[in-house]
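> Here is a sequence together with a model predicted from it:
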Amino acid sequence: MLLPSFRLDGKKAIITGAGRGIGRALALGFSEAGAEVILCSRTKSELEQVKAEIESRGGSAAVFPMDVTSTEEIKQVVAEIYQTYHQIDILINNAGMNIRSKASDVTEDEWVRIMDTNVKSAFMMSQAVGTRMQENNGGSILSVSSVAGHVALKTGVVYAASKAAMIQMTKVLAYEWGSSGVRVNSIGPWYFETPLTKHLLEDENYLNDILAVTPLKRVGQVEELIGPALFLSSEAGSYVTGQTLFVDGGMTINGF
Ligand SMILES: NC(=O)C1=CN([C@@H]2O[C@H](COP(=O)(O)OP(=O)(O)OC[C@H]3O[C@@H](n4cnc5c(N)ncnc54)[C@H](O)[C@@H]3O)[C@@H](O)[C@H]2O)C=CC1
Ligand SMILES: C[C@H](O)[C@@H]1OC(=O)[C@H](O)[C@@H]1O
């Protein structure tokens, strides 16, 4: 059989920010691919809804509420997860947020909140899970970066810096952990319709600006991230590590 498998039967996947948006879509998709999904975010009620949705589709999920800006909580909850599952095969660092300030208006508090939520959390989760993966036959770590980490956008300099940091963190973790069988990659979405972006995409002028630089002339649907994430997290991507796959409708290649 030459075709690689996108199936995740018997695999256990931690997904942060799984209560809504991209994280919820990846949780549903990874569950459909056969994974047992471990749902982490601050809002337990949202996680319980996603768990119920997964179970209604015949899948299996668990809820572990967590504030990813707290390194102590990360260490404690990851330890609890390993007491239950003993091995984790996949980590998806998805939790993130943005405060769209002009550079001259950025406050130190905004810097800390965005950096802690977007990139410190991804590193601390990767360290907590990745060091255990190295002791248990490897695994796959996937971080959700953004095109904002690769090209200049008007969505905030701190957010952009956090997403660029995720891309470089991906390369160095892949470099350090490759020999232990831990693959580390990122995806870099352009605009997808989620609670984070809904208000932006409802602004006709803003939407037209997005479409003007998007070769596919539309924003993405969150389900369109499942395939790229599955590719990088499954045997289908077994020789891919340290990479960032931009899922962007062609936006990052747009020239003039
Ligand atoms: N929607 C889009 O167009 C794009 C989104 N992204 C990235 O995708 C990821 C998900 O974004 P969306 O689904 O759009 O956002 P969203 O706002 O719909 O969902 C974000 C998720 O992260 C969780 N979260 C936020 N802060 C947290 C914390 N301190 N602890 C635990 N969980 C926390 C929220 O509870 C929620 O479940 C983010 O990292 C975002 O930067 C990247 C490019 C484009
Ligand atoms: C494409 C960006 O990541 C997008 O820009 C925003 O303002 C949102 O925060 C999204 O993440």
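It's in. Ligands and ions are numbered 1, 2, ... in the order given.

> Could you use CA atoms for every contact and neighbour count after this?
OK.

> and stretch 135-148, anywhere near ligand 2?
Yes - remark: stretch 135-148 sits within contact range of ligand 2 at 146, 147, 148, by CA under 6 Å from any ligand atom.

> quick one: that stretch to chain centroid distance?
8 Å (CA atoms, centre = their mean, to the nearest Å).

> So what touches that stretch?
The contact list for stretch 135-148 (CA atoms under 8 Å, 6 or more residues apart in numbering) reads 87-94, 122, 126, 130, 133, 155, 159-160, 163-164, 166-167, 170, 180-190, 229, 232-234, 246, 248, 252.

> Residue 151 against residue 252, yeah?
Yes - if you go by CA atoms under 8 Å, residue 151 and residue 252 touch, sitting 7.0 Å apart.

> would you turn the residues of stretch 135-148 next to ligand 2 into TSV with distance to ligand 1 and pLDDT?
TSV is the format used below for these (distance: CA to the nearest ligand atom, whole Å; pLDDT from 0 to 100):
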residue	distance to ligand 1	pLDDT
146	4	98
147	6	98
148	7	98
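
> So which of those residues is surrounded by the most neighbours?
Tallying neighbours with other CA atoms under 10 Å puts residue 146 at the head of these, with 26 neighbours.

> Just give the nearest non-adjacent residue to that residue, would you?
residue 188 (3.9 Å; CA to CA, 6 or more residues apart in numbering).

> what are the C-alpha coordinates of the strand or helix carrying that neighbour, in PDB please?
If you go by DSSP states H and E, residue 188 is part of strand 182-189. The C-alpha coordinates for strand 182-189 follow below in PDB (Å, rounded to 0.1, in the frame of the first residue of the first chain):
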ATOM      1  CA  VAL A 182       9.100  14.200  17.900                       C
ATOM      2  CA  ARG A 183       8.000  16.200  14.800                       C
ATOM      3  CA  VAL A 184       7.200  19.900  15.300                       C
ATOM      4  CA  ASN A 185       5.300  21.900  12.600                       C
ATOM      5  CA  SER A 186       3.000  24.900  12.300                       C
ATOM      6  CA  ILE A 187       0.200  26.000  10.200                       C
ATOM      7  CA  GLY A 188      -0.200  29.700   9.200                       C
ATOM      8  CA  PRO A 189      -3.900  30.500   8.500                       C
END
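
> And the next helix or strand past it?
Next element after strand 182-189 (DSSP H and E): helix 198-201.

> In that following helix, which residues are buried?
Going by neighbour count (16 or more other CA atoms under 10 Å), the buried part of helix 198-201 is residue 201.

> Is that helix in proximity to ligand 2?
No - for helix 198-201 and ligand 2, the contact criterion (CA under 6 Å from any ligand atom) is not met; the two come no nearer than 7.5 Å.

> helix or strand right after that helix?
Using DSSP H and E, the helix or strand that follows helix 198-201 towards the C-terminus is helix 204-212.

> what helices or strands is that next one leaning on?
helix 198-201 (3 or more CA pairs under 8 Å, 6 or more residues apart in numbering; DSSP states H and E).
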